[in-house]
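S.K.: model the structure of this input:
(chains A and B)
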Amino acid sequence: MKKIIFSLMLLASQICAAQTWKMGVTVGGDINDYSIDTQYQYDWRYHDAKGLTMGVMGQYQLNEWFALRADINYTQKNYRQNRTGKAFCENYKHHNSYVQLPLMASFSFGGERLRGFLNLGAYGAYWAGGSITGTTTEEIMYDILDEEKYDMSNIPAPVDQSYPFNSVRDNRIEFGTVGGVGMEYSINDHWAVQGEIRMYYALTSTTKDYMIVRNPRFNTTTAIQLGCAYCF
Amino acid sequence: MTAMALSSCRQEADDLESQMFIEGYETSLLNCRPTTYTEQFDVLWNGLNQNYVAWMIEDYDWDEVYRTKRSVPMSWDARLEANPDDAVSDDEFKEFYEEILKPLHDHHFMTCLWNFRAKQNTLHYISPSDIRIKQRDNYDDMLRLGRMHDQCLGNYGTSIWTFGLETLNRRGQLAPITEDAPYLVFEDLDNWFMAELAVIKVAGDKYVPYLHWNRCNFSEHLQEEKKNDRLYAEGTASKFLQTYGDLVKKYGEAGQLGGVILDVRINAGGDTGDYAHLLGRLLEPGTRLIVGNTVKKNGVGRLDYGPSTPFGFYIYDYNQYVVSKEPIVVLCDGYTMSMGELTTYSAKLLPNGHVIGDRTYGAFNGLDMQYDRTYSGSFGDSENGPLFVYTPSYLTTPIDGTMIESVGVMPDEYIPYDEKIVDAMIGDIDNITDAHIEAAIKYIQGK
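M.R.: Residues are numbered from 1 along each chain as shown, chains lettered A, B, ... in the order given. Below is the predicted model:
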């Protein structure tokens, strides 16, 4: 028993010796996939859309190969929605802004200056805002004798409006898993730059479970980001 | 492997079936043709869950209806299985569905439900708006007038408004439209459609064109006339509407126009295309009159809505006289519905518009029977049953943010029907006194 306690104390002292803090900023682009079952509404299509991601990161190095990392970032989870079946004009881009807090275990490997790393963890996010741009079908009524316009399904009208959140429908809190791989290059004892590809995989729907019948929707966001960190 | 493991953590969607209505294909309307009361309930519940456009304005727990009420049709089925003679009575059937549906606020919404497992397959109409209208204080007087209107059209082939014009003519208050005609009538009695056009003389050598129409069915006639190349032929809708425009222009250009009265009392609504030829013929061509905003469903969820879009009317150039200085008075009542209400509300938005009468019906949302435009709206089998739901696809809110759906448009000059007013309108059809027309004349003369 004494041996076990001694061994743990030795390991702990080694970990403590390796402890360092790292703080930095990240910026990049992302592409978001919105997953929804459109059921029988066969001509509604959802497409991936690009967005921005930026934030700050903090990393607590426990030993040479293992660290705990937390970010706070602003990430856009955009997507496009349109109809293909007829000459309808519904063609929207949904712009969604999230504030995210990913918590990750960071495993690193490689040389002294250039090291690869793997981040695995979970995240929570808050859907801070949204807007819709694009076109919809005009709802101006025409004379029946004006045959070209009377069939109002084919006249586009511009859309540019904020997304009206509905407390019954919208789930503004998102949880999911996050994982990423990247490389870090230490410029000197204090400064390092890194690049990472990271995926946020939501496990909660953007809509609440407000109906007996379920029709959940999920974001999957892949970000490519560059970072710069200061090692204390 | 990881991706598969993660995706299994995501909740799956239920499989949902479309509930649709396609005009002309009445026999293939229901994906699931109910054979039991429980299935009939399920199709109704799911259809409304997916297709009903007004959930955004409802404060009604539709899930709770499923949880607590589905047991009733289940018990009916169980009863019938135990004893095929133990039929569900029509009263029991209707009472159950009325209780479920009456909280809904869309005033176009109407359901046809067949008590199809009873010995006599009886059809029941359930309309929350009908239930709500009956609760108005002056419903009895509204009903008396409405019945007389139907009686005149159905039995005599004329309308109470025509009788009203006869009285005005006898009193010398009309300026004849032609040598032979003190007023004009357009009628399509097969479709219970009738319109009357007259010119009322008012003080100061002024003239007031008066137009009443009980449905917005002109578009259908115009289209038919165009197809048959009968445009502007004598006695057609186009001729009637052209005369209306010409009269306004004639008096307007002569400086003798006192105003215009558009009468949409007991107007069941109809085609939005009519606007261009009615109120539209008084407004500035090339403009758009935006009266509200509309949203459509864009998903299967109860609260899946697309962005909001301005809703309004395009004003065409029919070489009209633009009535911008003289008052445009719209007369309305509790049976002014849908397009009739859009006309009424539009007048309230005009600087020279003035609305007189009773509070309108409150059916402002938009209908079209093309299911795949919005994947919402009406569904069911209107021919064979066992259910058909008539309901809008466009949730329309007025531009001033007020609530019209289920509430109605409140006139600027509120003169609700009461016993005295209705007696004066229908008590002696050879000597009619119309309080709303009198108020309109008084208003115009005061301007």
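S.K.: the chain: strands as residue ranges?
M.R.: I went with chain A, as the question did not name one. Assigned by DSSP state E, the strands in chain A fall at A:20-36, A:44-61, A:66-76, A:79-83, A:91-110, A:114-137, A:139-141, A:156-162, A:173-186, A:191-202, A:217-231.
S.K.: wait, chain B was what I had in mind.
M.R.: B:110-115, B:122-126, B:184-188, B:193-202, B:206-213, B:260-263, B:288-296, B:309-314, B:328-332, B:353-357, B:379-380, B:387-390, B:394-398, B:413-414.
S.K.: just send those strands back as CSV, with mean pLDDT, distance to residue B:247 and mean neighbour count too.
M.R.: Where C-beta positions appear, they are placed from N, C-alpha and C, glycine not excepted. Listed next are those as CSV, based on pLDDT from 0 to 100; distance: least, Cβ to Cβ, whole Å; neighbours: other Cβ atoms under 10 Å in any protein chain shown:
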stretch, mean pLDDT, distance to residue B:247, mean neighbour count
strand B:110-115, 96, 37, 21
strand B:122-126, 95, 40, 16
strand B:184-188, 92, 10, 18
strand B:193-202, 96, 6, 22
strand B:206-213, 98, 5, 25
strand B:260-263, 98, 9, 27
strand B:288-296, 95, 22, 20
strand B:309-314, 95, 22, 22
strand B:328-332, 98, 14, 28
strand B:353-357, 98, 19, 24
strand B:379-380, 88, 44, 27
strand B:387-390, 92, 37, 23
strand B:394-398, 96, 30, 22
strand B:413-414, 98, 24, 13
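S.K.: check what pLDDT the closest residue to residue B:317 other than its chain neighbours gets.
M.R.: Nearest residue to residue B:317, sequence neighbours excluded (Cβ to Cβ, 6 or more residues apart in numbering or on different chains): residue B:285, at 3.6 Å. In this prediction, residue B:285 carries a pLDDT score of 97.
S.K.: for residue A:1, same thing?
M.R.: On the pLDDT scale, residue A:1 gets 55.
S.K.: in terms of mean pLDDT, which of the strands of chain A ranks lowest?
M.R.: Ranked by mean pLDDT, the strands of chain A bottom out at strand A:139-141, which scores a mean of 90.
S.K.: can it be said to contact chain B?
M.R.: Yes. Shown here: strand A:139-141 in contact with chain B (Cβ under 8 Å from any Cβ of the partner chain) through A:139, A:140, A:141.
S.K.: contacts only, for residue A:41.
M.R.: B:18, B:299, B:300, B:375 (Cβ atoms under 8 Å, 6 or more residues apart in numbering or on different chains).
S.K.: actually residue A:110, not the one I wrote
M.R.: residue A:116.
S.K.: for residue B:284, which non-adjacent residue is closest in space?
M.R.: Going by Cβ to Cβ, 6+ apart, residue B:284 has residue B:322 as its nearest residue, at 5.2 Å.
S.K.: and that neighbour, what's its pLDDT?
M.R.: At residue B:322, pLDDT is 98.
S.K.: give me every residue that touches it.
M.R.: Residue B:322 is in contact with B:282, B:283, B:284, B:285, counting by Cβ under 8 Å, 6+ apart.
S.K.: wait, the second one touches residue B:289, no?
M.R.: Yes. Taking Cβ atoms under 8 Å as the definition, residue B:283 is a contact partner of residue B:289 at 6.5 Å.
S.K.: got the contacts of residue A:41 as CSV, with distance to residue B:209, pLDDT and neighbour count columns?
M.R.: Formatted as CSV, those follow (distance: Cβ to Cβ, whole Å; pLDDT from 0 to 100; neighbours: other Cβ atoms under 10 Å in any protein chain shown):
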residue, distance to residue B:209, pLDDT, neighbour count
B:18, 48, 81, 19
B:299, 47, 93, 22
B:300, 49, 94, 26
B:375, 43, 90, 26
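S.K.: what's the separation between the residue nearest to residue B:284 and residue B:186?
M.R.: 24 Å (Cβ to Cβ, to the nearest Å).
S.K.: how about the residues of the stretch 301-447 of chain B by chain A?
M.R.: Counting by Cβ under 8 Å from any Cβ, the stretch 301-447 of chain B comes close to chain A at B:301-304, B:306-314, B:316, B:366, B:372-373, B:375, B:394.
S.K.: try it again with 6 Å
M.R.: B:301, B:302, B:303, B:307, B:309, B:311, B:312, B:313, B:314, B:316, B:375 (Cβ under 6 Å from any Cβ of the partner chain).
S.K.: so who does the second one touch?
M.R.: Listed by Cβ atoms under 6 Å, 6 or more residues apart in numbering or on different chains, the contact set of residue B:302 reads A:211, B:49, B:55.
S.K.: which residue sits closest to the first one, ignoring its sequence neighbours?
M.R.: Distance criterion Cβ to Cβ, 6+ apart; nearest residue to residue A:211, sequence neighbours excluded, is residue B:302 at 5.7 Å.
S.K.: next one: phi and psi at the one you found?
M.R.: Per-residue torsions, residue B:302: phi -60, psi -40 (degrees, to the nearest 10).
S.K.: pLDDT score for it?
M.R.: Looking at residue B:302, its pLDDT is 96.
S.K.: that one and residue A:41: what is the separation?
M.R.: For residue B:302, the distance to residue A:41 - Cβ to Cβ - is 14 Å.
S.K.: before we move on, what about residue B:34?
M.R.: Residue B:34 is 23 Å from residue A:41, by Cβ to Cβ.
S.K.: can you pull the contacts of the residue sitting furthest away from the middle of chain A?
M.R.: Here chain A reaches farthest from its C-alpha mean at residue A:145, the gap being 50.3 Å by Cα atoms, centre = their mean. Counting by Cβ under 6 Å, 6+ apart, residue A:145 touches residue B:222.
S.K.: other residues contacting stretch B:161-175?
M.R.: With contacts defined as Cβ under 6 Å, 6+ apart, stretch B:161-175 is touched by B:182-183, B:196, B:198-201, B:207, B:212, B:429, B:431-432, B:434.
S.K.: thinking again about what came up before, phi, psi for the residue farthest from the centre of chain A please.
M.R.: Main-chain dihedrals, residue A:145, degrees, to the nearest 10: phi -80, psi -20.
S.K.: quick one: name the residues of the stretch 101-250 of chain B near chain A.
M.R.: Going by Cβ under 6 Å from any Cβ, the residues of the stretch 101-250 of chain B near chain A are B:219, B:222, B:223.
S.K.: what would these look like in JSON lines with neighbour count?
M.R.: JSON lines is the format used below for these (neighbours: other Cβ atoms under 10 Å in any protein chain shown):
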{"residue": "B:219", "neighbour count": "22"}
{"residue": "B:222", "neighbour count": "23"}
{"residue": "B:223", "neighbour count": "17"}
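S.K.: for chain B, longest helix please?
M.R.: In chain B, taking DSSP state H as the definition, the longest helix is helix B:237-253.
S.K.: hmm, who's touching that one?
M.R.: B:186, B:197, B:199, B:207, B:209, B:211, B:218, B:221-222, B:225, B:231-232, B:257, B:277, B:281, B:318, B:320-321.
S.K.: contact partners for the spatially most central residue of chain B?
M.R.: Closest residue to the average C-alpha location of chain B: residue B:338 at 2.9 Å, with Cα atoms, centre = their mean. By Cβ under 6 Å, 6+ apart, the residues touching residue B:338 are B:269, B:363.
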